[in-house]
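**Q** below are the sequence and a predicted model; questions follow.
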Amino acid sequence: MMLTLINTNRMLPPIAPVGVDYIASAASAAGIDVELVDLCLSEDPDLDLERYFSIQRPEVVGLTFRNVDDCFWPSGQTFLPDLNRIVARLRGLTDSPVVLGGVGYSIFPKQIVERSGADFGIHGDGEQSIVDLIRELRGARKFNRVPGLVYRDGGIVRSNPPAWPSTLATLPARDWVNNIAYFHQGGQIGVETKRGCPRQCSYCADPLAKGNRARLRPPIQVAQEIELLLNGGIDVFHLCDPEFNLPPEHAIGVCDILHARGLGERIRWYAYLAVTPFSEDLAYRMRRAGCVGINFTSDAAHPQMLAAYRQPHRKEDLDRVVRLCRKQGITVMLDMLLGGPGETPETIQYTVEAFRQIDPDCAGAALGVRIYPNTGMAAMVAAEGPPESNPSIRRHYDGPVDWLQPTFYISSKLGDQPARLVRDLTDQDPRFFPPQEETNASSENPSDHNYNANRQLVDAIAAGARGAYWDILRKLRMAGERSGPDRS
């Protein structure tokens, strides 16, 4: 009797399924036999599934679902049909119950169980809940006792409160997933230092999946995990935290132990950070611990749009963090989120000009806000009236608005060609990743920083590039500028 975990994510470049590593370790430590089928590294997923289930009869089959869609307009690619197809395929190969999990799944836990036909889902942390589920399947089958479980009760799909335990129980082994293969094909390996986020950004789905409170891992565990991966040949990391610097004292603790163990000179790592709080001391400690790049959740510079996104920082804060990072030699990416409620050509121009003056190493100019239910953004959109008649709603499907499908908000005040407006304002400035126009969306030579099936990125990693994807694309753009025609 065993638990079979299946990684369903097929995005390229391939991203190592950190959660699968943690869950496999937890289940194995609880005495459960575990096997992994990684469809991301498979050349023929259907054949590999058929071969596996012709031999094995697992007790439970767990599927990880990392991304509901690519979160980019105009591509708006949904991955739900792929998940549904895998569940249907498993129904023809095994009688074992199917349980879903992962960050993407946890944003829409009941809906995805209903639509996929899976037996169960785990909303939130899976390490303990998968063990509890297996025990209930073997025993009393009292599914209401399993934290985060979504389950079928007759014809009704029921859901328990999310599994967000106060103690983050993850083991640092990381020896179930083929991380070295992911490193060579994906250019970096993720590590968690915490889960959950206390911020209230109006658009963000992270609190839906991981909770609205930062649940911290002991810094020593983080250091041990990185050291084990380093000993296996991996020296470039990306911290998966929504905001590494919240709370700042935990970030300092992680940095200090990495430095104390002599890892800062042997590794390179990147992180997401909130613009505030950020101090010169934290910048120094991060660089000393091996940090080489930060992607700040900046969103905008215009006060009206910062208020719409519920961001506490101001333009002056953006300028300050860039200066502090530059002093330490840390590369900076500032991410814009353009097109939200109240956005006008004037507010976009203000933000673009402010970012140009602040002078980060690069800046994303993502157009369109992905709308998730139960967020502040969803409430703002609801206040505007029926979404089907809202001129600011953009989607690639017909019929009633379905938030499970990629559905975006782009302020109608930006006119009929908002992407062209942004591109004109950024004016081929190589620091900006402007949005693709809907009529020219391509992954062969993209101008934006959509990582899904980005051929430039895949080829660069195959040629030896390592690091955060925005930094690899930035370096490719810099190299292209140097090798381009003389514009003097």
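**A** Right, received. Where do you want to start? Numbering: from 1, shown residues only.

**Q** list the buried residues for the one helix or strand in the chain whose mean pLDDT sits lowest?
**A** Ranking every helix and strand in the chain by mean pLDDT, DSSP states H and E puts helix 469-483 at the bottom, with a mean of 86. Of all the residues in helix 469-483, those buried under the rule 16 or more other CB atoms under 10 Å are Tyr469, Trp470, Asp471, Ile472, Leu473, Arg474, Lys475, Arg477. C-beta: built from backbone N, CA, C; applies to glycine.

**Q** make a markdown table out of the residues you listed and add distance to Ile220.
**A** Output for the buried residues of helix 469-483, formatted as a markdown table (distance: CB to CB, whole Å):
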| residue | distance to Ile220 |
| --- | --- |
| Tyr469 | 29 |
| Trp470 | 30 |
| Asp471 | 28 |
| Ile472 | 31 |
| Leu473 | 34 |
| Arg474 | 33 |
| Lys475 | 33 |
| Arg477 | 39 |
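
**Q** and which of those residues is nearest Arg145?
**A** If you rank these by distance to Arg145 using CB to CB, Tyr469 comes first, at 40.9 Å.

**Q** if we can go back for a sec, which among the buried residues of helix 469-483 gets closest to Asp335?
**A** Trp470 (8.5 Å).

**Q** OK, contacts around that closest one?
**A** Contact partners of Trp470, counting by CB atoms under 8 Å, 6 or more residues apart in numbering, are Gly293, Asn295, Met333, Cys362, Gly364, Phe433, His449.

**Q** spatially, which two of these are the most separated?
**A** Greatest spacing in the contacts of Trp470, by CB to CB: Gly293 and Phe433 (14.8 Å).

**Q** between the two, which one's more packed in?
**A** More neighbours surround Phe433 than the other of Gly293 and Phe433, with 24 against 21 (other CB atoms under 10 Å).

**Q** for that one, grab phi and psi.
**A** Main-chain torsions, Phe433, degrees, to the nearest 10: phi -100, psi 90.

**Q** excluding chain neighbours, what is closest to it?
**A** Here the nearest residue to Phe433 in space, its sequence neighbours aside, is His449; by CB to CB, 6 or more residues apart in numbering that works out to 4.2 Å.

**Q** what's the local residue count around that neighbour?
**A** Neighbour count of His449, defined by other CB under 10 Å: 24.

**Q** if I look at it, how far off is Leu473?
**A** Distance, His449 to Leu473, using CB to CB, to the nearest Å: 6 Å.

**Q** pull the distance from the least confident helix or strand of the chain to the chain's centre.
**A** Its chain's C-alpha centre and that of helix 469-483 lie 22 Å apart, by CA atoms, centre = their mean, to the nearest Å.

**Q** just the CA atoms of it, as PDB, please.
**A** C-alpha atoms of helix 469-483 as PDB (Å, rounded to 0.1, in the frame of the first residue of the first chain):
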ATOM      1  CA  TYR A 469      13.800  34.300 -15.000                       C
ATOM      2  CA  TRP A 470      13.500  38.100 -15.000                       C
ATOM      3  CA  ASP A 471      17.200  38.400 -14.500                       C
ATOM      4  CA  ILE A 472      18.000  35.900 -17.300                       C
ATOM      5  CA  LEU A 473      15.700  37.800 -19.700                       C
ATOM      6  CA  ARG A 474      17.300  41.100 -18.600                       C
ATOM      7  CA  LYS A 475      20.800  39.800 -19.400                       C
ATOM      8  CA  LEU A 476      19.600  38.500 -22.800                       C
ATOM      9  CA  ARG A 477      18.200  42.000 -23.500                       C
ATOM     10  CA  MET A 478      21.400  43.700 -22.500                       C
ATOM     11  CA  ALA A 479      23.400  41.300 -24.700                       C
ATOM     12  CA  GLY A 480      21.100  42.100 -27.600                       C
ATOM     13  CA  GLU A 481      21.500  45.800 -27.000                       C
ATOM     14  CA  ARG A 482      25.300  45.500 -27.100                       C
ATOM     15  CA  SER A 483      25.300  43.400 -30.200                       C
END
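
**Q** before we move on, back to that, thought the residue nearest to Phe433 was touching Leu367?
**A** No. Between His449 and Leu367 there is no contact under CB atoms under 8 Å: 11.9 Å.

**Q** does Leu3 touch Gly126 like I think?
**A** No. The criterion here is CB under 8 Å, and Leu3 misses it with Gly126 at 10.8 Å.

**Q** what's the overlap in contacts for these two?
**A** In contact with both Leu3 and Gly126: Gly62, using CB under 8 Å, 6+ apart.

**Q** who has more neighbours out of these two?
**A** Gly126 (29 against 25).

**Q** can you give me the helices for the stretch 1-150 of the chain?
**A** Counting by DSSP state H, counting those that start in this stretch, the stretch 1-150 of the chain has helices at residues 18-29, 45-55, 80-91, 103-107, 109-116, 127-138.

**Q** highest mean neighbour count out of those helices?
**A** Comparing the helices of the stretch 1-150 of the chain by mean neighbour count (mean count of other CB atoms under 10 Å), helix 103-107 ranks first with a mean of 25.

**Q** other residues contacting it?
**A** Contact with helix 103-107 is made by 19, 64-68, 79, 112, 121-124, 162, 205, 208-210, 372, as judged by CB under 8 Å, 6+ apart.

**Q** restricting to C-alpha, output that helix in CSV.
**A** The C-alpha trace of helix 103-107 is given here as CSV (Å, rounded to 0.1, in the frame of the first residue of the first chain):
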residue,chain,number,x,y,z
VAL,A,103,-1.1,26.4,-4.7
GLY,A,104,-3.2,26.7,-7.9
TYR,A,105,-5.7,24.2,-6.6
SER,A,106,-6.0,25.9,-3.2
ILE,A,107,-7.2,29.1,-4.8
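
**Q** where along the stretch 151-300 of the chain do the strands fall?
**A** 156-159, 189-191, 194-195, 215-216, 236-239, 268-274, 291-299 (DSSP state E, counting those that start in this stretch).

**Q** I meant the stretch 301-450 of the chain, not that one.
**A** Here the stretch 301-450 of the chain has its strands, by DSSP E, counting those that start in this stretch, at 331-338, 362-367, 369-370, 393-395, 407-409, 432-433.

**Q** okay, those strands in CSV with mean pLDDT and distance to Arg215 next?
**A** Formatted as CSV, the strands of the stretch 301-450 of the chain follow (pLDDT from 0 to 100; distance: least, CB to CB, whole Å):
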stretch, mean pLDDT, distance to Arg215
strand 331-338, 97, 24
strand 362-367, 95, 28
strand 369-370, 97, 25
strand 393-395, 96, 34
strand 407-409, 97, 30
strand 432-433, 94, 32
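
**Q** which of those strands is buried the deepest?
**A** Comparing these by mean count of other CB under 10 Å gives strand 369-370 as most buried, with a mean of 26.

**Q** ok now that one, how far from the chain's centre?
**A** Offset of strand 369-370 from its chain centre (CA atoms, centre = their mean): 14 Å.

**Q** could you name the helices and strands sitting against that strand?
**A** Counting contacts by 3 or more CB pairs under 8 Å, 6 or more residues apart in numbering; DSSP states H and E, strand 369-370 packs against strand 407-409.
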